[in-house]
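Student: generate a structure from the sequence data that follows.
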Amino acid sequence: MRIGLIIYGRIETISGGYLYDRKLVAHLRQMGDTVEIVSLPWLGYGRALLHNFSPELRQRLSQARFDLLLQDELNHPSLFWLNRQLKGKVPYPIISVVHHLRCSEMRPAWQNGLYRLVERQYLDSVDGFLFNSETTRAVVEELVGKRPYHIAYPAGDQFQPEMSDSAIRARAYEPGPLRILFVGNVIPRKGLHVLLDALARLPRESWRLDVVGDTAVAPFYTQSIHAQIREENLSPNVTLTGSLPDDELFRWMEQSHLLIVPSSYEGYGIVYLEGMSFGLPAIAGRGGAAHEIITDGVNGFLVDHQQTNQLTSHILNLHQNREKLAEMSLAAHQRYLAHPTWSDSMAGARKFIHRDWRSESED
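Tutor: Have a look, this model is predicted:
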């Protein structure tokens, strides 16, 4: 099958959404499909709207010999009107790969209202959806109603560590501070400022924090994080490593006690599952789909956005009650083991992609 995939920039970009796209492309190619990446430059939201009026892009997609075109929903500003111009003029169906909607993120209501208008127009222009979570499916269907879809959950077996129950339990009882790991691009949505605020209320000897993630995505936010660390005198306890290759991230995961990424919204939250593969309980924000991974109080905790008292209480409890930490660590590992692998999940996605779209359009 000849498949196109529209993304912004490079598919090697470090984020959960791009990881999902990479896994999908790799599986499709491994199974014999031809996949052509159509890369659009990210120009900022307003300028990306102009892609809809690009003769070159329209011609490229009109003349493409695809059997099916996948579009990462992140590209919706570039495609919301162009898709409608292609309808009836191209022989292939268009399927949107939806990680989460921009209008679901936390920002002023008027701004999300504008994003919602554009996203609704885009979502209504495609033939079907490949979702990463039940939460994302529900949000999209609330906007545009039902149409063919498949939920292919992200997986956590990127690292495949060999973690025994005895090793997980022994790590939980190691003396000293609670070793906390934050993994994610340093952007406001991920909530690093919330985590630092919660940690500043705890005795310094009770914790250490390692932050793994790109600090260049949102420079002004990163500056505010550095200022927060200085003002709260947290420098001796906090390490910002920047982005790391997988082998180094493996070591950070292996030696940590707890993963905390208190995002205001996650379309799924792959990193929580990846942490659970190492037996790390996860603390996440309630916004979005983290609840599909984390059972509150069993393998981690869900906290209300910017409720630092909740976060502080959970961290202190796990530092002081190592038996509870050990129980939650083992439960986190069991949650990972029960989850589908990338191979299983992408096989389901491929089956959906290969369905008979022509007969459905005729119906």
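Student: what about the helix or strand containing residue 272, distance to the chain center?
Tutor: Remark: residue 272 resides in helix 270-276, with elements defined by DSSP states H and E. Distance of helix 270-276 from its chain centroid, counting by Cα atoms, centre = their mean, to the nearest Å, is 10 Å.
Student: now do it: which elements does it pack against?
Tutor: helix 16-30, strand 178-183, strand 258-261, strand 282-285, helix 322-337 (3 or more Cβ pairs under 8 Å, 6 or more residues apart in numbering; DSSP states H and E). The way it works is simple: take the backbone N, C-alpha and C, and place the C-beta from them, glycine included.
Student: who are the packing partners of the helix or strand following the fourth one?
Tutor: Note on strand 282-285: by DSSP H and E, the next helix or strand toward the C-terminus is strand 300-303. The elements that strand 300-303 packs onto, with contact taken as 3+ Cβ pairs under 8 Å, 6+ apart, are strand 282-285, helix 308-320.
Student: could you identify which of the ones you listed is most buried?
Tutor: Counting by mean count of other Cβ atoms under 10 Å, strand 282-285 has the highest mean neighbour count of the helices and strands packed on strand 300-303, with a mean of 26.
Student: helices of the stretch 51-200 of the chain, start to end?
Tutor: In the stretch 51-200 of the chain, the helices defined using DSSP state H, counting those that start in this stretch lie at 55-63, 76-79, 82-86, 109-123, 134-144, 165-172, 192-199.
Student: how close does residue 152 sit to residue 291?
Tutor: 19 Å (Cβ to Cβ, to the nearest Å).
Student: looking at those two, which one has more neighbours?
Tutor: Neighbours were counted for residue 152 and for residue 291 using other Cβ atoms under 10 Å; residue 152 has more, 26 against 18.
Student: got CSV for the helices of the stretch 51-200 of the chain, with distance to residue 266 too?
Tutor: Output for the helices of the stretch 51-200 of the chain, formatted as CSV (distance: least, Cβ to Cβ, whole Å):
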stretch, distance to residue 266
helix 55-63, 31
helix 76-79, 19
helix 82-86, 27
helix 109-123, 17
helix 134-144, 9
helix 165-172, 24
helix 192-199, 14
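Student: residue 299 is nearest to which of those?
Tutor: Closest approach to residue 299 among the helices of the stretch 51-200 of the chain (Cβ to Cβ): helix 165-172, 12.0 Å.
Student: only the buried residues of that closest one, if you could.
Tutor: Residues of helix 165-172 classed as buried by neighbour count (16 or more other Cβ atoms under 10 Å): 168-169, 171-172.
Student: and stretch 229-243, by the same measure?
Tutor: 229, 234, 237-238, 240.
Student: quickly list the domain ranges of this structure.
Tutor: Using automatic domain parsing, the domain ranges for the chain come out as 2-155+341-362, 165-337.
Student: what about the first one, distance to the chain center?
Tutor: Spelled out, that is domain 2-155+341-362. 15 Å.
Student: ditto for stretch 278-291
Tutor: Mean-position distance between stretch 278-291 and its chain equals 12 Å (Cα atoms, centre = their mean).
Student: repeat that for stretch 177-190.
Tutor: On the basis of Cα atoms, centre = their mean, stretch 177-190 sits 14 Å off its chain's mean C-alpha point.
Student: now do stretch 329-336
Tutor: 20 Å.
Student: buried sites along it?
Tutor: Those would be 329-333, 335-336, for stretch 329-336 by 16+ other Cβ under 10 Å.
Student: cool, and stretch 27-45?
Tutor: Across stretch 27-45, burial judged by 16+ other Cβ under 10 Å covers 27-28, 33, 35, 38, 40, 42.
Student: same question, stretch 58-68
Tutor: 58, 61, 64, 66-68.
Student: want to throw those residues into a markdown table with pLDDT and distance to residue 252?
Tutor: Formatted as a markdown table, the buried residues of stretch 58-68 follow (pLDDT from 0 to 100; distance: Cβ to Cβ, whole Å):
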| residue | pLDDT | distance to residue 252 |
| --- | --- | --- |
| 58 | 96 | 45 |
| 61 | 97 | 42 |
| 64 | 96 | 42 |
| 66 | 97 | 40 |
| 67 | 97 | 42 |
| 68 | 98 | 39 |
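Student: out of these, which comes closest to residue 50?
Tutor: For these, the residue nearest residue 50 by Cβ to Cβ is residue 58; the value is 12.2 Å.
Student: residues touching that closest one, list them.
Tutor: Residues near residue 58 by Cβ atoms under 8 Å, 6 or more residues apart in numbering: 82, 85-86.
Student: I figured residue 259 hits residue 184, correct?
Tutor: No. Using Cβ atoms under 8 Å, residue 259 is not in contact with residue 184; the gap is 10.0 Å.
Student: name the residues contacting each of the two.
Tutor: residue 271.
Student: helices - which of the buried residues of stretch 229-243 land there?
Tutor: residue 229 (DSSP state H).
Student: what is the nearest of the buried residues of stretch 229-243 to residue 78?
Tutor: residue 240 (32.7 Å).
Student: confidence score at that closest one?
Tutor: Per-residue pLDDT puts residue 240 at 97.
Student: before we move on, what about the one 10 residues further on?
Tutor: At residue 250, the predicted lDDT confidence score is 96.
Student: right, I'll leave it there.
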